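> could you work out the structure for the sequence below:
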Amino acid sequence: MSAHVALPRTAETRRGAGRRILPLLALLGLLAAAGICSIMFGVRSISIADALGGVMGSTDTPNQAAAAARLPRTVLGFAVGAALSVAGVTMQGVTRNPLADPGIFGVLSGASLAVVIGITFFAVVNPVTVMVLAIAGSAAAAVFVYVVGSLGRGGASPLKLALAGAATSAALSALISAILLPRIDVMDSFRHWQIGGVAGAQWDRLALAAPLLVAGFLICHAMARGLNALALGDDVATGVGEHVLRTRLISSAGAVILCGAATALAGPIGFVGLIVPHLCRLLVGTDHRLLIPYSAVAGATLLVFADTLGRVMTRPSEIAVGIIMPIIGAPIFIWIVRRHKVRDL
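As a prediction, this is how the structure comes out:
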């Protein structure tokens, strides 16, 4: 009797594993395709042989040198896309808000404002200091939005948090413009960074940011079980032994680190952290132990594809990925709002 019962369970387990592995393999295939396209296509189109040669370090021909020069840009796109996606899915889990996103919640604007203040008034140029300022600005904005969204009856509801985040983001963006507009020299230097893009990537800055990005990802992934408990509601999470406040604080810290480091590297890029988690939930469900790594791969893929699209649409010029992402993300954002009707996750 026991053997007869075990067989269906084994088959069901295998089917479940297959449903998880197949989307992962598909995402990894798309990730590889995004990387290849990013190196091959741009102002100059490069053959796959020259692209592979450039990736392997050969610069014997102009095409191979161009491929080698595009490699750090591709890696930066992967890193920023993964960081923003993981931050987005973590924020959505912490707040149980389907509209949570580093851009909508004002976290990216907070990082941008801190960096702009440091550069304009304190002549900050050290990359490490810029990243510290970005993380501090992200944290301050996140705390402010949550406090404002928690005021009044009902506490921090999804609608109140979204409205508080949108208002904060608009206010911080206005402050950034107020600081930059009278200072033409500073505005010219950081105009492209403010839009958000991965052009001009450098290996040394990537190396400096890598420990922060890895730490942020590990923190968020380590809190995956806690985020699953939070999805059941605070009372149920407490009942199963989860420390709700600690889980929220640690998870938020991981998301803030990822947002700050990504913004310091590429400027504020919106919509990645909003749309990618929802697309991944369609593939693997709501288990954050799977959702976080899947979102990292999908976000990296989406951002690099969007960056490549911006380079080939208007050759020989290019459109920054910070402009391309809203064009892609806005229709999906509208679908999310209509589908969830601003309910809790």
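> okay, now the unreliable bits of the protein?
Within the chain, the set of residues satisfying pLDDT under 70 comprises 1-19, 189, 192, 340-345.
> please identify the helix or strand for the spatially most central residue of it.
Nearest to the mean C-alpha position of the chain, by Cα atoms, centre = their mean, lies Leu84 at 0.9 Å. Using DSSP states H and E, Leu84 maps to helix 62-95.
> and the host helix or strand of Leu159, what other elements does it pack with?
Per DSSP H and E, Leu159 falls inside helix 158-180. Here helix 158-180 is seen to pack against helix 107-122, helix 127-150, helix 184-195 when contacts are counted using 3 or more Cβ pairs under 8 Å, 6 or more residues apart in numbering; DSSP states H and E. For glycine as for every other residue, the C-beta is placed from the backbone atoms N, C-alpha and C.
> how does it look with 7 Å?
Counting contacts by 3 or more Cβ pairs under 7 Å, 6 or more residues apart in numbering; DSSP states H and E, helix 158-180 is packed against helix 107-122, helix 127-150.
> for Ser58, helix, strand, or coil?
Secondary structure, DSSP: H, G, I helix; E, B strand; the rest coil: Ser58 is coil.
> give the contact list for the nearest residue to it once chain neighbours are set aside.
Among residues not flanking Ser58 along the chain, Gln64 sits closest, at 5.0 Å (Cβ to Cβ, 6 or more residues apart in numbering). Residues in contact with Gln64 (Cβ atoms under 7 Å, 6 or more residues apart in numbering) are 50, 53-54, 58.
> and of those residues, the nearest to Gly196?
Gly54 (25.8 Å; Cβ to Cβ).
> contacts only, for the closest one.
Contacts for Gly54 (Cβ under 7 Å, 6+ apart) come out as 39, 64-68, 71.
> recalculate using a threshold of 8 Å.
39, 46, 63-71 (Cβ atoms under 8 Å, 6 or more residues apart in numbering).
> rewinding a little: can you say which of the helices and strands packed on helix 158-180 is nearest to Ala171?
Per Cβ to Cβ, nearest to Ala171 of the helices and strands packed on helix 158-180: helix 107-122, 8.2 Å.
> tell me the buried residues in the closest one?
For helix 107-122, a neighbour-count test (16 or more other Cβ atoms under 10 Å) marks 107-120 as buried.
> try stretch 322-338
Here stretch 322-338 shows 322, 324-325, 328-329, 333, 336 as buried, counting by 16+ other Cβ under 10 Å.
> show me those residues that map onto helices.
Counting by DSSP state H, the part of the buried residues of stretch 322-338 found in helices is 322, 324-325, 328-329, 333, 336.
> can I get those in JSON lines with distance to Asp188?
JSON lines is the format used below for those (distance: Cβ to Cβ, whole Å):
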{"residue": "Gly322", "distance to Asp188": "17"}
{"residue": "Ile324", "distance to Asp188": "22"}
{"residue": "Met325", "distance to Asp188": "23"}
{"residue": "Ile328", "distance to Asp188": "28"}
{"residue": "Gly329", "distance to Asp188": "28"}
{"residue": "Phe333", "distance to Asp188": "31"}
{"residue": "Ile336", "distance to Asp188": "36"}
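> what's the spacing between Met187 and Ala134?
19 Å (Cβ to Cβ, to the nearest Å).
> more crowded one of the two?
More neighbours surround Ala134 than the other of Met187 and Ala134, with 31 against 16 (other Cβ atoms under 10 Å).
> now the contacts of Gly54 in TSV, with distance to Asp234?
Formatted as TSV, the contacts of Gly54 follow (distance: Cβ to Cβ, whole Å):
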residue	distance to Asp234
Ile39	47
Ile46	53
Asn63	57
Gln64	56
Ala65	56
Ala66	54
Ala67	51
Ala68	51
Ala69	50
Arg70	47
Leu71	46
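> any of those buried? List them.
Buried members of those, scored by 16+ other Cβ under 10 Å, are 39, 46, 63-68, 70-71.
> these: which two are farthest apart?
Top of the distance list for the buried ones among the contacts of Gly54 (Cβ to Cβ): Asn63 and Leu71, 13.3 Å.
> follow-up on the earlier one: I'd like the helices and strands packed on helix 158-180 written out as CSV, with distance to Ala170 added.
Below are these laid out as CSV (distance: least, Cβ to Cβ, whole Å):
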stretch, distance to Ala170
helix 107-122, 8
helix 127-150, 12
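> between those helices, which one is nearest to Leu249?
Nearest to Leu249 among the helices and strands packed on helix 158-180 is helix 127-150; the distance by Cβ to Cβ comes to 10.4 Å.
> helices or strands up against that closest one?
Partner elements for helix 127-150 (3+ Cβ pairs under 8 Å, 6+ apart): helix 107-122, helix 158-180, helix 203-222, helix 244-266.
> which one of those lies nearest to Phe78?
Checking those against Phe78 by Cβ to Cβ gives helix 203-222 as the closest, at 10.2 Å.
> hmm, who's touching that closest one?
With Cβ under 8 Å, 6+ apart, helix 203-222 has contacts from 72, 75-76, 79, 82-83, 86-87, 89-90, 127-128, 131, 135, 250-251, 253-258, 260-262, 264-265, 289, 292-293, 296.
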